[in-house]
Structure formats: structure tokens, C-alpha cells
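>>> Have a look at this prediction, sequence included:
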Amino acid sequence: MNNKPIIGVVSKPNIFCDDKLFTSQFVYDGVRNAVLKNGGLVIGILPTKVSTKFCDSDEVVNNSNFSQSELEDLYSLIDKCDGIIIQGGLSSDDYEIKAAKYAIDNDIPILGICAGFNNIIRAMGGKVFCINNTIHNTEDGSIVHKNIIKENTLLYDILKTKEIDVNSIHTMFAKEEDIKNLEISAYSDDGYVEAVELSDKKFCLGIKWHPELMLNDDNMNNIFKYFIKTCKRS
């Protein structure tokens, strides 16, 4: 019997394709490979609404008008997983926020990356905002700034350091006053919130950078390793 933890990766709508032909959902290979490398199995959690129309921006998350039945179907998929990942991307849709809220409420381990960080914040009643900051929006994935890690946090327990160098590929930001019902565990060196978590859950962590693009760095890989270990079946 295979006892590897099953990690559900919440899919993203492909906003680059024609909105009438070949619409699709996707899982980033970087995320998939990070889970596989650290001993997990990956399944995609697809939206359960019968639709090809989803939000094409991360600035305004639309109301997807899920029926109760469609929501229950989404939650039943999450229940089959030992943990879930909310991915990064250029858009966010309501089903991602609902997935994050359900996982948090039911203490299912959850890791949010970039837009996933945004959607964990939204799920807990906070907000993010958009600004054009070229230092943070470097599309080649290069290391561009430092993050300051708070001690006595889950993130510090994982990284064992007060400072890390990170990539940054985003235009959505969070300020301390915008965070609701979450604990802040890291800031960028220019003062934006870079990580949030909940200490009373098995594992709930949202991070603004992309560790799946930095797996050769032991600290970055350790985020996935720690997450998968938490999800591990007995």
C-alpha cells in the first residue's frame, strides 16, 4: 500500500488562451516537482463549477456564484487530500479562496505561494493591493531582495535563519494593517509582508516568493520538505 501523502494542488485557469477555444486549467511543474522531490503524490484540484469563465486578474476576484452542491463537490475533493497547495499566477478566482478557507477551517495543511499567499489572506478576511514595483516584479525569477524572518514562527522553525534571499515575481502586495486573523512571519527589506501563518494549525503558511523555482537552495526545498512531512500519513 502506498502511504505517501496526497497533496492536492488547486489548479489555475489558463488566462493566456483564447476564451472560446481550448480553455484549460493547469498546475505548474515547479510545484508538482517540489512535491514529488520531497515524497508526496500530486493530484490536481479542479474547480467544480461547470464553466470556462474565470477571473482573469488578481486585482479583483470575481464572485463565481458557486451553488451549494458545487461547493460541496469542491470540499469533497479537498477532503481526499492530506494537504493542499494554492499556487501562484496572474489571476485568482473565488474557488481558490473558498478552498483555502475550507482547508484552514478544517485544519488541513495548506501552503500558499505568491497568489496563494493573497488568497490565504483573503480567506481570512484581509486584503492585498496592486502597485507597480519593478524590484518585486522580475519575471526571470532571479534573486532580488532579502526577507527578514521573525523568530518563534513556523517559518523560522523551517528556515533556521533570520534572513533569506528570495526571488520576486508579483505586483500584488500586503501591508501589516491589511492582514486579518493571521500572524505575520516575514517582511521584505522594503517593508511589505512576505509571509503569514497560523500557529494553532498543523500547517498554514502563505509566502510571497516562489520557492519552487529555487529548489537547489536547501532552505527553499525545506519549505516543501517540512510541509510534506506534516502531511505524512501514519
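Perfect, I can see it now.

>>> buried residues in the longest helix seen in the chain?
Using DSSP state H, we find that the single longest helix of the chain is helix 218-231. By neighbour count with 16 or more other Cβ atoms under 10 Å, helix 218-231 contains the buried residues 219, 220, 221, 222, 223, 224, 225, 226, 227, 228, 230, 231. In short, each C-beta sits where N, CA and C put it, glycine included.

>>> Pick out whichever of those sits closest to residue 134.
residue 220 (22.9 Å; Cβ to Cβ).

>>> Okay, the closest one and residue 68: tell me how far apart.
39 Å (Cβ to Cβ, to the nearest Å).

>>> would you list the buried residues of helix 218-231 in a markdown table and tack on distance to residue 72 and pLDDT?
Below are these laid out as a markdown table (distance: Cβ to Cβ, whole Å; pLDDT from 0 to 100):
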| residue | distance to residue 72 | pLDDT |
| --- | --- | --- |
| 219 | 39 | 95 |
| 220 | 36 | 96 |
| 221 | 36 | 97 |
| 222 | 36 | 98 |
| 223 | 31 | 98 |
| 224 | 30 | 98 |
| 225 | 33 | 98 |
| 226 | 31 | 98 |
| 227 | 26 | 98 |
| 228 | 28 | 98 |
| 230 | 26 | 98 |
| 231 | 23 | 97 |
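
>>> Contact partners for the closest residue to residue 73 other than its chain neighbours?
Nearest residue to residue 73 in three dimensions, chain neighbours excluded: residue 48, at 4.0 Å (Cβ to Cβ, 6 or more residues apart in numbering). Residues in contact with residue 48 (Cβ atoms under 8 Å, 6 or more residues apart in numbering) are 66, 70, 71, 73, 74, 77, 95.

>>> Can you tell me the SS state at the residue lying closest to residue 209 once chain neighbours are set aside?
With sequence-adjacent residues excluded and distances taken as Cβ to Cβ, 6+ apart, residue 209 is closest to residue 166, at 3.9 Å. Using DSSP: H, G, I helix; E, B strand; the rest coil, the structure places residue 166 in strand.
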